[in-house]
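Engineer: Sequence isn't available, so here's the structure alone:
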């Protein structure tokens, strides 16, 4: 489904990603691990370009539009399903059918109380839930996330990640927590300084293997 | 590559500051050379007597008929409000499709013609009606909005829209770009409204029933107390905008503005058609007579275009450099970090300078010095210098909030820290205003200074629409050239686009 064959990404003067070869098949749930600046985000956006229409993307900053309500921010995931006119009307007067759909998702994520509020008034954790809500509302077979639960406490992050992953057939998620990587994913890809330093099936490794990536082995 | 970096330093061996200094010097020399071309006679033997009368008028404002002045104030605001609202909406739509060349060219073409020229043109069709006033502002402003809005959209992060999938262009804008950029869009529109008030007021100089009309009449009759009353009223209007212009109240204001408009007499559609299909084209061209057309073009070119072009460019270059000099001299006086408490006075002066339309200033100077290039240069330099100084003073205060103790004070801080820090932004602002100064100096001809506008105005008076149209096209092309040149210079010298 996603294929990279000995590819490198150069930004400015230095290589962000160096000589990467990998293949990701439909049905796989892949965790991208590695220290900050390892090239996880770059790899993610690179893969994203290969099938951007089939991917629900949850970028690192969330991509929330601060002056619109949480409802509208989640609804944005469904823009491509409707005509411009339909979307325009929704902006002024939300369709009740769509409100119900969005409400169901918000309830699942625990933000149903905040639908009328704008995201600039929410906490970091709530904002991440809104961003995840938009990704869920995209209703796509593939989920791409860049640290999607980094602002939530470990227990909530664990639950939420499970919920989101269960709704998608395939997933590629950049994640800092080795525990979450091991628990929720079928495969772990490790990056360090733009190099691919590990590519394992989850059942073959232990926490220590992932932690070793961060300590630089 | 580190190697190319060091070798380029070796080859050029010149600091950014020195490069900018050389650029500034180059422009100053050009301006001085043009001063010999520009017609700067003193036509009035004793300007001091007139100046003291004007000064006396300024402190004794008086208007005999308050309701008359009130009505023209209402018209001024109504034209500006409706035209800016319309232009902002159409401009926004154009900005969404600004990646199409045809939209960019259209926007550049309509904004290169000054409001006064649009006004003169529409006056031939719609007379001195609300339609003329509205269209004269709406059309060029639409082009400006399209350009600036598209620049604002370009500066937005793409994160939000990347999560939308394959949504339509319109949906991406109304859910992503527009709400994201809303604060910038709103503050720019507000600034433009202030500009529209100025444009609306000076449309009175060509006869529309706005404040400028009374101002010109009062000046012509030498009644400086009445002129001062209009001027103060206008300054009050500009200063009060921020208190009453609220987004929530906008629908109410728009409704009131529509009700307040002077009547719009019905216009015969065939008349409009005839104007655009026949009146504005030379007869020879309509007959398909190319030799005749060429003869006509060269005659107008030699008699009108050539002298007008020289004067317009000379005034523009001189005013550009003088604006810069004034801005650099005035901004420290308005920066709290440099002059302390006295900055309030400096600030007030700048506010007045940037609020008064150039044409009004030019008119006052013309009474003093006669109809030469001098009033135009002074007026343009004061207005634009004031505007740039205001922006520089703001950025100086912002920057100095961050600088701690242990830095030099007063003059030394200005020379060693503040001026060098401001200089690139200053040049960028100045080059941005270049195109505006050119538009204005061409337009100033309508009060009798020998730039393009003078010949446009006379051609309309002689009902030579073809000639007037030709001259307007020349002014527009000149404007587009300078716009391109300024963009090229800014890019080449690495001057960052400042946000207004």
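Structural biologist: Arrived safely, thanks for sending. It should be emphasised that the depicted structure is a prediction, and the values quoted were computed from it without experimental measurement.
Engineer: Would you map the strands across chain A?
Structural biologist: Ranges of strands in chain A, per DSSP state E, are A:2-11, A:14-24, A:29-33, A:55-58, A:142-146, A:170-174, A:187-192, A:195-201.
Engineer: Who are the packing partners of the shortest one?
Structural biologist: Packed against strand A:55-58, as judged by 3 or more C-beta pairs under 8 Å, 6 or more residues apart in numbering or on different chains; DSSP states H and E, are the following elements: helix A:124-138, strand A:142-146. C-beta coordinates here come from the backbone N, C-alpha and C atoms, glycine included.
Engineer: and the last one, anywhere near chain B?
Structural biologist: Meaning strand A:142-146. No - shown here: strand A:142-146 not in contact with chain B (C-beta under 8 Å from any C-beta of the partner chain), separated by at least 9.6 Å.
Engineer: what angle separates that strand from helix A:124-138?
Structural biologist: Angle of strand A:142-146 versus helix A:124-138, following axes from the mean of the first three to the mean of the last three C-alpha atoms, to 10 degrees, is 160 degrees.
Engineer: Save the helices and strands packed on strand A:55-58 as TSV, and put in distance to residue B:451 and mean pLDDT too.
Structural biologist: TSV is the format used below for those (distance: least, C-beta to C-beta, whole Å; pLDDT from 0 to 100):
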stretch	distance to residue B:451	mean pLDDT
helix A:124-138	56	93
strand A:142-146	57	94
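Engineer: Of these, which is nearest residue B:443?
Structural biologist: Each of the helices and strands packed on strand A:55-58 was scored for nearness to residue B:443 using C-beta to C-beta, and the closest is helix A:124-138 (49.7 Å).
Engineer: picking up where we left off before, same list (the helices and strands packed on strand A:55-58) but as CSV, adding distance to residue B:48 and mean neighbour count.
Structural biologist: Shown next, in CSV, are the helices and strands packed on strand A:55-58 (distance: least, C-beta to C-beta, whole Å; neighbours: other C-beta atoms under 10 Å in any protein chain shown):
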stretch, distance to residue B:48, mean neighbour count
helix A:124-138, 67, 24
strand A:142-146, 72, 25
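Engineer: Any chance of the ones you listed in JSON lines with distance to residue B:195 as columns?
Structural biologist: Below are the helices and strands packed on strand A:55-58 laid out as JSON lines (distance: least, C-beta to C-beta, whole Å):
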{"stretch": "helix A:124-138", "distance to residue B:195": "38"}
{"stretch": "strand A:142-146", "distance to residue B:195": "43"}
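Engineer: Compare the strands of chain A and give me the one nearest residue B:153.
Structural biologist: Short answer: strand A:55-58, nearest of the strands of chain A by C-beta to C-beta, at 20.5 Å.
Engineer: That closest one pairs with which strands, and in what direction?
Structural biologist: Strands that pair with strand A:55-58, judged by DSSP bridges, come out as strand A:142-146 (parallel).
Engineer: Pull up the gap between residue B:484 and residue B:254, please.
Structural biologist: 36 Å (C-beta to C-beta, to the nearest Å).
Engineer: same deal with residue B:227?
Structural biologist: Computed with C-beta to C-beta, the distance linking residue B:227 and residue B:254 is 31 Å.
Engineer: Settle it for me: which of those two has more neighbours?
Structural biologist: Looking at residue B:227 and residue B:254 with other C-beta atoms under 10 Å in any protein chain shown, you find the greater number of neighbours at residue B:227, namely 27 against 15.
Engineer: do you know how far the more buried one is from residue B:208?
Structural biologist: Distance, residue B:227 to residue B:208, by C-beta to C-beta: 18 Å.
Engineer: Next: residue B:368.
Structural biologist: Distance from residue B:368 to residue B:208, by C-beta to C-beta: 26 Å.
Engineer: show me the contacts for residue 91.
Structural biologist: Going with chain A. Residues in contact with residue A:91 (C-beta atoms under 8 Å, 6 or more residues apart in numbering or on different chains) are A:72, B:174-175.
Engineer: meant chain B actually
Structural biologist: Residue B:91 neighbours (C-beta under 8 Å, 6+ apart): B:107, B:141-146, B:149.
Engineer: and the gap between the residue lying closest to it once chain neighbours are set aside and residue A:127?
Structural biologist: Closest residue to residue B:91 apart from its sequence neighbours, by C-beta to C-beta, 6 or more residues apart in numbering or on different chains: residue B:145 at 2.5 Å. Per C-beta to C-beta, residue B:145 is found 32 Å from residue A:127.
Engineer: Please apply the same query to residue B:385.
Structural biologist: Separation of residue B:385 from residue A:127 (C-beta to C-beta): 45 Å.
Engineer: do the same with residue B:117
Structural biologist: Relative to residue A:127, residue B:117 is positioned 51 Å away (C-beta to C-beta).
Engineer: swap in residue B:78?
Structural biologist: In this view, residue B:78 and residue A:127 are 43 Å apart by C-beta to C-beta.
Engineer: picking up where we left off before, so which of the contacts of residue A:91 is the most crowded?
Structural biologist: Counting neighbours by other C-beta under 10 Å, residue B:175 leads the contacts of residue A:91 with 25 neighbours.
Engineer: Now do the contacts for that residue.
Structural biologist: Counting by C-beta under 8 Å, 6+ apart, residue B:175 has contacts A:65, A:68, A:72, A:75-76, A:79, A:87, A:91, B:164, B:167.
Engineer: Repeat that for residue B:51.
Structural biologist: Neighbouring residues of residue B:51 by C-beta under 8 Å, 6+ apart: residue B:368.
Engineer: doesn't it fall inside a helix?
Structural biologist: Yes - according to DSSP: H, G, I helix; E, B strand; the rest coil, residue B:51 belongs to a helix.
Engineer: got a pLDDT number for it?
Structural biologist: pLDDT, residue B:51: 84.
Engineer: swap in residue B:14?
Structural biologist: Listed pLDDT for residue B:14 reads 60.
Engineer: Residue B:402 now?
Structural biologist: 60.
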